[in-house]
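1. sharing a model prediction with you, sequence too.
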Amino acid sequence: MNKDKISIFWFRRDLRLQHNIGLKAALSGDFPVLSLFIFDDDILDELPEDDARVTFIYKKLSDLDRQLNKHHSGVLIKKGIVADVWESLIEDYNIQEVYFNHDYEPASIKRDQEIKKFLLSKNIKVDHFKDQVIFEKNEVLKNDDNPYTVYTPYKNKWLETFKKSELPDDTITDKLLSNVYAFDNKFPALKKLGFSKSSIAVKPINFYALHNYGKYRDYPAKDGISYLSPHLRFGTVSIREMVRKAEAENEVFLSELVWREFFMQILYHFPKVVTENFKSKYDGIKWRNNEKEFEKWCRGQTGYELVDAGMRQLNTTGYMHNRVRMITAGFLCKHLLIDWRWGEAYFAKKLLDYELSSNNGNWQWAAGTGCDAAPYFRIFNPHLQLKKYDEDLKYTQKYIQNYSANYLPRIVEHKFARARALESYKKGIDN
DNA sequence: TTTTGAGTTGTTCGA
DNA sequence: GTCGAACAACTCAAA
């Protein structure tokens, strides 16, 4: 065992050295800080070898490692079952304190509780912090102390609370950063972790998009996309930095960031949504769940322009425009009557910005089964949506190669599918 | 406790 | 072409 007394900062979904609350606390503590990241086998085992998210995480970690090299330190990379990794870490190092930032997904909460219990049993101090949201857990509640389930009143309360509070000073100076633990790090190759580099890459944030966000956000071909979501997902940007910008520049954008926290607190307070309808009155819907149709939807071969272009954008780039997400999701649930959980799982596999709370919340919204969801009789007309939002077919042609007027036959006729959906939902509710 | 007002993102129909 | 109502009533949040 190495005898140096150290503390550990455990990086998870906060892959940055700046504006990082937990890291700042660690660096302000009594011991030099060893930076740690664990590739969790429980998650990784489900992923393809060239997963784009793993590629991105790896790239960001190697950036962090390089930055820390300047201070003669680095990011210690481990891979395995998280509990086992911690078991071996306490054998290898003289750990005095462990710091990390909160994660709110049910599985993460359980993992963190277990690790905390284990560390405390070894007389290691554990400190954890709110970092990835402005308000967490019970910080925004109704006046009767119950959680909100409707967005608008939640947003109003969020804004009210925000105005009354101050953001913490999360600046990390170079001097503070020099409190890292100096060691000779051997940063592993991606291949050694069992992965290979994906051809799909995360784009940098387009801050310019904030200016015209409200005006352009519905048009998938317009250059008004922020590409922010994967960065918020992995914490390569701080939510506080983005909220400050949004507050100064664009109210619509700020409300999108509030949506993120709305769904996070829904998942936190109602973890059953992971597997069940938020509104159980929809439990009786008989999904058709036709596997061949699902396959066509996944591949972008439904014959509907925006559905297919959207799915192909997802498959080839890991992104999908917000409006197109609504259209593709609505189409799967309503036109094809396929269980939203199938679509949710497919998006989870492909999206660079995949996050349980937002993905689940928005899928349930599209299916009509969620909190504050679209009413079930609101069924997008793919022809009309195309005319409204991609009239010149710029987006369509970008993702459907050789698109022409005699494009693929439609998987189902809109008018027929609409009537079928209305009938199935109605029956499902009555039963 | 009761009442009141409102609810992300739409579509269709008929005047 | 434009506009308002219907869709279908229900639930939530706050007064």
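-> Sure thing, it's come through.

2. got the residue ranges for the strands in chain A?
-> Residue ranges of the strands in chain A, as given by DSSP state E, are A:5-11, A:33-40, A:75-80, A:94-101, A:125-129.

3. can you give me how far the fourth one is from the chain middle?
-> By that I understand strand A:94-101. Chain-centre distance of strand A:94-101: 26 Å, with Cα atoms, centre = their mean, to the nearest Å.

4. which residues does that strand contact?
-> A:1-10, A:12-14, A:20-23, A:25-26, A:29-31, A:33, A:89, A:112, A:119, A:124-132, A:235 (Cβ atoms under 8 Å, 6 or more residues apart in numbering). Every residue, glycine included, has its C-beta placed from N, CA and C.

5. quick revisit: how about the strands of chain A in CSV, adding mean neighbour count?
-> Supplementary listing: the strands of chain A in CSV, determined by neighbours: other Cβ atoms under 10 Å:
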stretch, mean neighbour count
strand A:5-11, 23
strand A:33-40, 22
strand A:75-80, 19
strand A:94-101, 21
strand A:125-129, 17
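
6. could those strands go into TSV alongside distance to A:Thr328?
-> Formatted as TSV, those follow (distance: least, Cβ to Cβ, whole Å):
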stretch	distance to A:Thr328
strand A:5-11	33
strand A:33-40	29
strand A:75-80	34
strand A:94-101	32
strand A:125-129	37
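
7. indicate which one of these is closest to DNA strand B.
-> Among the strands of chain A, the nearest to DNA strand B by Cβ to the nearest atom of the strand is strand A:94-101 (24.7 Å).

8. partner strands of that closest one and their direction?
-> Applying DSSP bridges, strand A:94-101 is found paired with strand A:5-11 (parallel), strand A:125-129 (parallel).

9. give me the mean pLDDT for that strand.
-> Within the predicted structure, the mean pLDDT of strand A:94-101 is 98.

10. tell me how far the nearest residue to A:Ser178 once chain neighbours are set aside lies from A:Ala246.
-> Once flanking residues are discounted, A:Ser178 sits nearest to A:His71: 5.4 Å by Cβ to Cβ, 6 or more residues apart in numbering. In this view, A:His71 and A:Ala246 are 32 Å apart by Cβ to Cβ, to the nearest Å.

11. ok, A:Arg66 next?
-> Between A:Arg66 and A:Ala246 the distance is 30 Å, computed by Cβ to Cβ.

12. neighbour-wise, which of those two wins?
-> Here A:Arg66 and A:Ala246 are set side by side on neighbour count (other Cβ atoms under 10 Å), and the busier one is A:Ala246, at 22 against 12.

13. was I right about that one contacting A:Val258?
-> No. Under the criterion of Cβ atoms under 8 Å, A:Ala246 lies out of contact with A:Val258, with a separation of 9.4 Å.

14. could you name every residue contacting both of the two?
-> Between them, A:Ala246 and A:Val258 share no contacting residue under Cβ under 8 Å, 6+ apart.

15. in chain A, where is pLDDT below threshold?
-> For chain A, applying pLDDT under 70 flags the ranges A:430-431.

16. how about the nearest residue to A:Cys333 once chain neighbours are set aside, what does it touch?
-> Nearest residue to A:Cys333 in three dimensions, chain neighbours excluded: A:Ala367, at 4.3 Å (Cβ to Cβ, 6+ apart). Shown here is A:Ala367, whose contacts under the criterion Cβ under 8 Å, 6+ apart are A:Asn277, A:Tyr282, A:Ala329, A:Cys333, A:Trp340, A:Ala373.

17. tell me if stretch A:122-140 is near DNA strand B.
-> No. With Cβ under 7 Å from any atom of the strand as the threshold, stretch A:122-140 lies outside contact range of DNA strand B, at a closest distance of 14.9 Å.

18. output that stretch as PDB, nothing but the C-alphas.
-> This file holds the C-alpha atoms of stretch A:122-140, laid out as PDB (Å, rounded to 0.1, in the frame of the first residue of the first chain):
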ATOM      1  CA  LYS A 122     -13.500   1.600   6.700                       C
ATOM      2  CA  ASN A 123     -13.400   5.000   8.500                       C
ATOM      3  CA  ILE A 124     -13.100   6.900   5.300                       C
ATOM      4  CA  LYS A 125     -14.900  10.200   5.200                       C
ATOM      5  CA  VAL A 126     -17.400  10.700   2.400                       C
ATOM      6  CA  ASP A 127     -18.700  14.000   1.000                       C
ATOM      7  CA  HIS A 128     -21.100  14.400  -1.900                       C
ATOM      8  CA  PHE A 129     -22.500  17.500  -3.500                       C
ATOM      9  CA  LYS A 130     -25.200  18.900  -5.800                       C
ATOM     10  CA  ASP A 131     -23.600  19.700  -9.100                       C
ATOM     11  CA  GLN A 132     -25.500  18.600 -12.100                       C
ATOM     12  CA  VAL A 133     -28.700  20.600 -11.400                       C
ATOM     13  CA  ILE A 134     -29.600  24.000 -10.000                       C
ATOM     14  CA  PHE A 135     -32.300  22.400  -7.800                       C
ATOM     15  CA  GLU A 136     -32.400  18.800  -6.700                       C
ATOM     16  CA  LYS A 137     -34.500  16.400  -4.600                       C
ATOM     17  CA  ASN A 138     -36.900  18.400  -2.500                       C
ATOM     18  CA  GLU A 139     -35.700  21.900  -3.300                       C
ATOM     19  CA  VAL A 140     -38.700  22.700  -5.500                       C
END
